[in-house]
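Peer 1: Compute the structure for the input listed below.
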Amino acid sequence: MRDLKNILIVRTDRIGDVVLTIPAIRAVKKAFPNARVTVWVAAMTKDLVSGLSFVDEVITEDLKTGWFGYMRLVMELMQRKFDCAIIYHTKRRTNMACALAGIPMRLGYLNDKGGKFLTHPIKDERHLGLKHESLYCLQLLEALDIHSNDVALQLPFQPEAEAWVQDLFDK
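Peer 2: The predicted structure follows:
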């Protein structure tokens, strides 16, 4: 496996899915400690990954901006010159954005939702429910020769949230 320097992890779906992907994000940074790890999430889940020590940057997309916003995001991804995209939320729009951005290695689940845009499609067995979602997320990384069973969940504490809670208890 070549040495990756600039990795994009895509998980633009719901809160629970993002939380259950955190062990995989940590495993990526552990396997490539010198790589820049950027996570693309929905705006509503940004605080779930912002502040994690193994996440260098978080990007979001404003879905209200339509086609122009989507193309602006594609251009942003292109300018960042990622070497690899690990796409957990396998949808046409995410797979196609990574392909249009010219990301040379695009790893994700092969399905009818844009799987043809992947360079490293992995058979999607999540619907079988044989494993916990965190284990499926880690299993996807085996294509990068990353092997981990560490499913410990971890969430960052935002300073504003801590201040709010402290204020609540001080009253």
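Peer 1: When you work out contacts or count neighbours from here on, use the C-alpha atoms and nothing else.
Peer 2: OK.
Peer 1: got the contact list for the longest helix seen in the chain?
Peer 2: The helix that spans the most residues within the chain, counting by DSSP state H, is helix 15-31. If you take C-alpha atoms under 8 Å, 6 or more residues apart in numbering as the criterion, helix 15-31 is touched by 9, 11-12, 35, 37, 41, 44-45, 48-49, 54-55, 133-134, 137-138, 141, 146, 148, 150-155.
Peer 1: any idea where the helices of this structure begin and end?
Peer 2: Going by DSSP H, the chain shows helices at 15-31, 46-49, 66-80, 92-100, 133-140, 159-170.
Peer 1: Reformat those as a markdown table; add mean neighbour count.
Peer 2: Formatted as a markdown table, the helices of the chain follow (neighbours: other C-alpha atoms under 10 Å):
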| stretch | mean neighbour count |
| --- | --- |
| helix 15-31 | 20 |
| helix 46-49 | 19 |
| helix 66-80 | 15 |
| helix 92-100 | 20 |
| helix 133-140 | 20 |
| helix 159-170 | 10 |
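Peer 1: Which one of the ones you listed lies nearest to Leu118?
Peer 2: Checking the helices of the chain against Leu118 by C-alpha to C-alpha gives helix 92-100 as the closest, at 6.6 Å.
Peer 1: what is the mean pLDDT for that closest one?
Peer 2: Helix 92-100 shows an average pLDDT of 94 in the prediction.
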